[in-house]
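Asks: need a structure here:
(chains A, B and C)
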Amino acid sequence: MTTLATNTKQPFIKSRALRRFLSHRLALIGLVMVLSLTAACFIGPYLLPYDELHIDLLARFAPPGTGGHIFGTDPLGRDIAARLFHAGQISMAVGFAVMVIATCIGSVVGVVSGYYGGKVSAVLMRIVDAFLSFPSVFLLLALAAFIQPGPVMIALIISATSWMEVARIVEAEVKSLRNQDFVQAAHMLGMSNRWIMFRELLPNAIGPIIVAATLTVARAILLEAYISFLGYGIQPPLPSWGNMLNGAQQYLASAPWLAIVPGVTITIAVAGFNFIGDGLRDAFDSRSDHQ
Amino acid sequence: MTDEKKKTAHLNRRQALMMMGAAGAGLMAPLTIGRDRAFAANADASGQIVLAFSQEPTVFNPLMPHIEVDEGLYYAVYDPLFDFDAEGGFFPILAAEVPTVANGGISADGLSWRVKLKEGVTWHDGTPFTANDVKFSLELTMDPDFRSFRSTGYKFIQDITVVSDTELTWTMSEPFAPMAAILASTYIVPKHVFDGVADKNSTILNTAPIGTGPFKFKNRMAGDHIELEANADYHMDGPFLKTLIIKYVPDLNVMYTQFKSGDIDVIGLQYIQPDNLAEAEKLPGKVVEVAGKATFESLGFNMMRPQFKEKAVRQALYMALDKTSIIDALYYGVPTPTETYMPQQSYYFNENLPKHEFNIEKANALLDEAGWVKGADGVREKDGVRLSFSNSTTAGNHLREQAQQFIQQTFAMVGAEMTIKNLPPAVMWGDYWMNSEFDSVVVGLNTLAGADPDTSDYFMSTMSPALGGSGQNTFVYQNPKVDELLVAGAQDFVPEERKAIYEEIQAVIREDLPFLPMFQYAVIKGWKDDVEGPAPNINNRIDTWNVREWTRS
Amino acid sequence: MLRYILSRLGQSLILLLIVSFIGFAVLTLAPGGPLSQFALSPGMTQEQIDKIAAQMGLDRPVWIQYFDWLRHLVVGDWGTSYRDGQSVLHVIGSHLFATLLLMGTATVISVTLGSSIGIYSALKRGGTFDYAMTVFAMVALSIPTFWFGLIAIYVFSLNLGWLPAGNMYTVGDGSLIDYLRHLIMPAMVLALVDVAIWSRYMRTSTLNVVKQDFVRTAKAKGLTRRRVLLKHIVGNSLVPMITLAGLQLPMVLGGALVTETVFTWPGMGRLFLDSLGYSDYPVVMGLLMASAMLVLIGNLLADLTVALIDPRIRLD
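Replies: Numbers count the residues shown, from 1 in each chain, chains lettered A, B, ... in the order given. Down below sits the predicted model:
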């Protein structure tokens, strides 16, 4: 963690960062992966002749490519492709919702803690530590027992375990910035604390925040898959990438595509966001020594 | 299964009386044949069997609250006084003979009991087993400081008197026909391990159980397996195995794979999944058998909900339930369709109940007639009540979840909106179930105690916790006629009369449909072909009921 | 130094208290409870459930239950499992070996493999190997572990039949070979993510060291490449690695959970899941506290070791 905090700040130059990002091969690949997956999930359902909820017991376990089912059918004879695309809408929505919620919470906690320092910081950062001390799976499973696990609730629960990283990053950034001249100047001009925190300091930390936010999407999609696999996530018949895998273990020998199709999709989505995140990190980090 | 059914259906009065523990021991003779070779056979107990369960037995004191899988261990380590055989008759274990009216064990009014015990039985630690242990065990179930697994029945037992080391008597405060069935699932615990123990809930029985059963507890590798070894001094025929290992394999798929590869010899509780049946039957060197279970699957209603108040609604939903597709396609035809809660092997089973019919048009017509009108969204409505409800079950039971989604589709065709709200087990079966906080559920229930037909806990009006009752009537089913019949049935000791009573109860419940009966469970058991002994027994909850007889050649 | 350690320990205690409070509240306020597993058992009437709940003290207000639990914990009594009536420490202890075996093997694999990849990538920075490993690490971090486990089972157990699909050993065998055969798949699956993490960190820290003056000096002095590598680079890169190791410690519970589930491994991760499923509060709380302690100790040790090794870092 200490290594992250030592970056010296330079004014943030958008065009330069953009140029660096675009020259980052992996990031571009990631971008293509994410964009094409998103397109498939939102356009795909209109191209398929199947309804993702329609049950046809005569068409159970159709292997991929048979009977017009590109990815085959599931144990209830539903078209996996149709489910996969709808699931994608839900899983990605969860991912983005978590990103927004976690980034907001994390940024506020981080900037307040970093700006005020002292006792405020001590208390806030101990809370961050406390949350980090929980195995995130514990919080996820324990909280999931409380509520009806719909997409909104799952997004909130995952957010509750995902904001700490952002908080730490922002806190470190803000701490290193708060004694700089422009902050002193703002003080002298009589700016309110809130103005300084959110208009002066936070924008300067935008680079690391964007990186963390991107990685949060990846993490959220993964976590959704984990809890759904353990049976505590989004409940059927609503499909999500995670709950399509739940039960797939049962049919591993007879219908392996049930496990392979959603698993590969999750990996592509998560890898895509991770690639982008990596590219962004290099783009924003002026000292980057990447080629 | 069909053979068994015929056999039970033709039970004569005397045989049926056996089930009550209130008649002669005529049927005992064939069962005890061969038990004389007992001690000779013990000398060369050899071989080992690995028996796998998909849940972990953890409660080793049989009088504490436990689940089905724990009984898998009890049958090996402990003994009850007597037990049910597959036909629903009793055979003695610790008792010298099963108490009946004929042999003077039970008085004609059912109020005085006298039990004679076998001589020369010892606990695994060498202490002699006596009537004091039986008295202690029966009293322990009502001890206010002890976490007892049940009080039904025991609370009527009074004045337990130890006549001699091998004889004891007690009186019942009221006649209670199911008492014998309850005693059949009461494992006797050793009094001496409780001596001087301050907290009866934490004795050595929790960690290293001591019983009189065919196997001694050797060790437990938590989260993995329990090792048991032959009790050379066992008082019955057997055991014929040197070692019995109860293995815990939490994943059904892994369990089946290990059965296939030969790592486990007998596949126990939760068994082979229906989707593997076709393959399993072709496995070389394995015996695979479908066996009935007393549990029945149903879609149960919370009768307090306005949607379900009307009988026409429940009947229409029953018509919209495509049972055949569920059983044949999703469950591969393994379970048997049923119209009642009573297992078809039972003497008390009513075979003349109206047959279910899947008919969407009729269901729609019935609802139209009853005044339920379809709204703009296709969901019916009457007097401001929408025919919309949630359905819950344990999350993670994948076959049941599939059935649920399928039911959702056919219900929608009659204008009923069913949403799925599945919960983790600890939540599902907590207050949500006990206090009837659900709209509807899919649940597998065994409402019987052994072969006794009494189900007062489940269907008596006064037994709903949601209405301040003390039982398990979580469907909140209320019918004065059924109440009356249940009271009559529990106090009646004559099987023919009881059969008439319980057949009528089944008919009334079939008409009222507080739950939509789907099927009676059948499970797919499997073992290696050099294993002898595993046998179905609808009256006991788990496979090891006759583990003392299992052999390995 | 001593003052620093003491103050850190004090902070840790407060943190533990917060963690225990949140954990206890979340657990006990959730619907259901340890008795619900018996609801479908015959004879388990509401009357009976109420009676047992009262005997176990589960009918008391949550805060009283919490202080009761805390009071016992302070004197070293971690409570008794609701599931099998054994002491919590015993229950955890009996699952410890399986988890340590799995985590230990996975850690050895990931540290050796990950470090080697990391150093080599850094030395050949920008080369094909470096690039390939970057991609590998990113992909490895993106694969859901449990899914990777499933695919491994599908390939190596179901199709090829080389390895057992689950469990730690065959009952009745238990030889070293038998253990190894069972260990390979879960350890590799678990190591996958860690190899990725370690290789990334090792690459970064090696790069930082390579740039330092003393390495250039050493090279200039004519030391062999090999000696420079071993003595300076590896030695100096170890500092951040220790930090990482400290931060990885808590993963013992979280990381193993899913892998243990997929491979039916009888360790603490699955114990946690089982206990949570049965609302066995004492065991869940025990595991939670143990894991939180590991996090805090890991953090503290990491900071201290770094301070001891690297005199440039001052603790204040």
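Asks: Show me the shaky parts of the chain.
Replies: Assuming you mean chain A. A:1-15, A:145-148, A:285-291 (pLDDT under 70).
Asks: you looked at the wrong chain, it should be chain B
Replies: Short version for chain B, where the test is pLDDT under 70: B:1-45.
Asks: what's the neighbour count on whatever residue of it ends up closest to chain C?
Replies: As assessed by C-beta to the nearest C-beta, chain C sits closest to B:Arg150 within chain B, at 2.9 Å. From N, CA and C alone the C-beta is placed, and that goes for glycine too. Neighbours of B:Arg150 under the rule other C-beta atoms under 10 Å in any protein chain shown: 22.
Asks: cool, the one 4 residues further on as well?
Replies: For B:Tyr154, the tally of surrounding residues (other C-beta under 10 Å) stands at 21.
Asks: That one is in contact with B:Ser137, isn't it?
Replies: No - if you go by C-beta atoms under 8 Å, B:Tyr154 and B:Ser137 don't touch, sitting 9.9 Å apart.
Asks: Skipping adjacent residues, who's closest to B:His499 in space?
Replies: To be clear, residue B:499 is Lys; His isn't right here. Distance criterion C-beta to C-beta, 6 or more residues apart in numbering or on different chains; nearest residue to B:Lys499, sequence neighbours excluded, is B:Tyr348 at 5.5 Å.
Asks: whoops, I mixed them up, C:Leu296
Replies: According to C-beta to C-beta, 6+ apart, the nearest residue to C:Leu296 is C:Ser12 (4.3 Å).
Asks: Now name the helix or strand holding that neighbour.
Replies: helix C:2-29 (DSSP states H and E).
Asks: What helices and strands are in contact with that helix?
Replies: helix A:118-133, helix A:136-144, helix C:62-74, helix C:281-309 (3 or more C-beta pairs under 8 Å, 6 or more residues apart in numbering or on different chains; DSSP states H and E).
Asks: The stretch 151-300 of chain C: helices as residue ranges?
Replies: Counting by DSSP state H, counting those that start in this stretch, the stretch 151-300 of chain C has helices at residues C:176-210, C:213-220, C:225-227, C:235-248, C:251-262, C:268-277, C:281-309.
Asks: So for B:Gly450, which of the ones you listed sits nearest?
Replies: helix C:268-277 (28.6 Å; C-beta to C-beta).
Asks: before we move on, the earlier item: so the residue nearest to B:Lys499, which of the three states?
Replies: With DSSP: H, G, I helix; E, B strand; the rest coil as the basis, B:Tyr348 sits in coil.
Asks: Output the set of residues of the stretch 301-450 of chain B in proximity to chain C.
Replies: B:423-434, B:443-449 (C-beta under 8 Å from any C-beta of the partner chain).
Asks: residue nearest the centroid of chain A?
Replies: Taking C-alpha atoms, centre = their mean as the criterion, A:Val217 is the residue nearest the geometric centre of chain A, at 1.1 Å.
Asks: Where does the residue nearest to A:Leu58 when sequence neighbours are not counted sit, in terms of helix or strand?
Replies: If the residues on either side of it in the chain are set aside, A:Leu58 comes closest to A:Gly77, at 6.6 Å by C-beta to C-beta, 6+ apart. Assigned by DSSP H and E, A:Gly77 falls within no helix or strand.
Asks: residues contacting A:Gly77?
Replies: Contact partners of A:Gly77, counting by C-beta atoms under 8 Å, 6 or more residues apart in numbering or on different chains, are A:55-62.
Asks: now these: which count as buried?
Replies: Among the contacts of A:Gly77, those buried by neighbour count (16 or more other C-beta atoms under 10 Å in any protein chain shown) are A:55-57, A:59-62.
Asks: Which elements pack onto the helix or strand hosting C:Ala106?
Replies: Per DSSP H and E, C:Ala106 falls inside helix C:88-123. If you count contacts as 3+ C-beta pairs under 8 Å, 6+ apart, helix C:88-123 packs onto helix C:128-142, helix C:176-210, helix C:235-248, helix C:251-262, helix C:268-277, helix C:281-309.
Asks: again, 10 Å this time
Replies: With contacts taken as 3 or more C-beta pairs under 10 Å, 6 or more residues apart in numbering or on different chains; DSSP states H and E, helix C:88-123 sits against strand B:215-221, helix C:128-142, helix C:176-210, helix C:235-248, helix C:251-262, helix C:268-277, helix C:281-309.
Asks: Could you export the ones you listed to JSON lines, including columns for mean neighbour count?
Replies: Shown next, in JSON lines, are the helices and strands packed on helix C:88-123 (neighbours: other C-beta atoms under 10 Å in any protein chain shown):
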{"stretch": "strand B:215-221", "mean neighbour count": "20"}
{"stretch": "helix C:128-142", "mean neighbour count": "18"}
{"stretch": "helix C:176-210", "mean neighbour count": "21"}
{"stretch": "helix C:235-248", "mean neighbour count": "19"}
{"stretch": "helix C:251-262", "mean neighbour count": "24"}
{"stretch": "helix C:268-277", "mean neighbour count": "25"}
{"stretch": "helix C:281-309", "mean neighbour count": "20"}
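Asks: Can you mark which positions in stretch A:62-71 are buried?
Replies: A:62, A:64, A:69-71.
Asks: any bit of it sitting next to chain C?
Replies: No - against chain C, stretch A:62-71 shows no contacts by C-beta under 10 Å from any C-beta of the partner chain, the least distance being 14.9 Å.
Asks: Can you check the distance spanned by that stretch, start to finish?
Replies: With C-alpha to C-alpha, to the nearest Å as the measure, the ends of stretch A:62-71 fall 9 Å from one another.
Asks: for it, the distance to its chain's centre please.
Replies: 31 Å (C-alpha atoms, centre = their mean, to the nearest Å).
Asks: quick one on the thing from earlier: got any residues that touch both of B:Tyr154 and B:Ser137?
Replies: Taking C-beta atoms under 10 Å, 6 or more residues apart in numbering or on different chains as the criterion, B:Tyr154 and B:Ser137 both touch B:63, B:186.
Asks: Tell me the helix or strand right after the biggest strand by length in chain B.
Replies: Identified as the longest strand of chain B according to DSSP state E is strand B:286-301. The first helix or strand that comes after strand B:286-301 along the chain, using DSSP H and E, is helix B:311-319.
Asks: helices and strands around that following helix, which ones?
Replies: strand B:286-301, helix B:360-369, strand B:380-382, helix B:398-412, helix B:495-512, strand B:515-528.
Asks: closest to C:Val108 out of those?
Replies: Closest of the helices and strands packed on helix B:311-319 to C:Val108 is helix B:398-412, at 36.6 Å (criterion: C-beta to C-beta).
Asks: Just want the angle from the closest one to strand B:515-528.
Replies: Helix B:398-412 runs at 150 degrees relative to strand B:515-528, counting by axes from the mean of the first three to the mean of the last three C-alpha atoms, to 10 degrees.
Asks: For helix B:398-412, C-alpha coordinates in PDB please.
Replies: Output in PDB follows, covering the C-alpha atoms of helix B:398-412 (Å, rounded to 0.1, in the frame of the first residue of the first chain):
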ATOM      1  CA  HIS B 398     -31.500 -27.600  -8.000                       C
ATOM      2  CA  LEU B 399     -34.100 -30.100  -9.000                       C
ATOM      3  CA  ARG B 400     -36.700 -28.400  -6.900                       C
ATOM      4  CA  GLU B 401     -35.700 -25.000  -8.200                       C
ATOM      5  CA  GLN B 402     -36.200 -26.300 -11.700                       C
ATOM      6  CA  ALA B 403     -39.700 -27.700 -10.800                       C
ATOM      7  CA  GLN B 404     -40.500 -24.300  -9.200                       C
ATOM      8  CA  GLN B 405     -39.700 -22.400 -12.400                       C
ATOM      9  CA  PHE B 406     -41.700 -24.900 -14.400                       C
ATOM     10  CA  ILE B 407     -44.700 -24.500 -12.100                       C
ATOM     11  CA  GLN B 408     -44.300 -20.800 -12.400                       C
ATOM     12  CA  GLN B 409     -44.900 -21.100 -16.200                       C
ATOM     13  CA  THR B 410     -48.000 -23.300 -16.000                       C
ATOM     14  CA  PHE B 411     -49.500 -21.200 -13.200                       C
ATOM     15  CA  ALA B 412     -49.100 -18.100 -15.400                       C
END
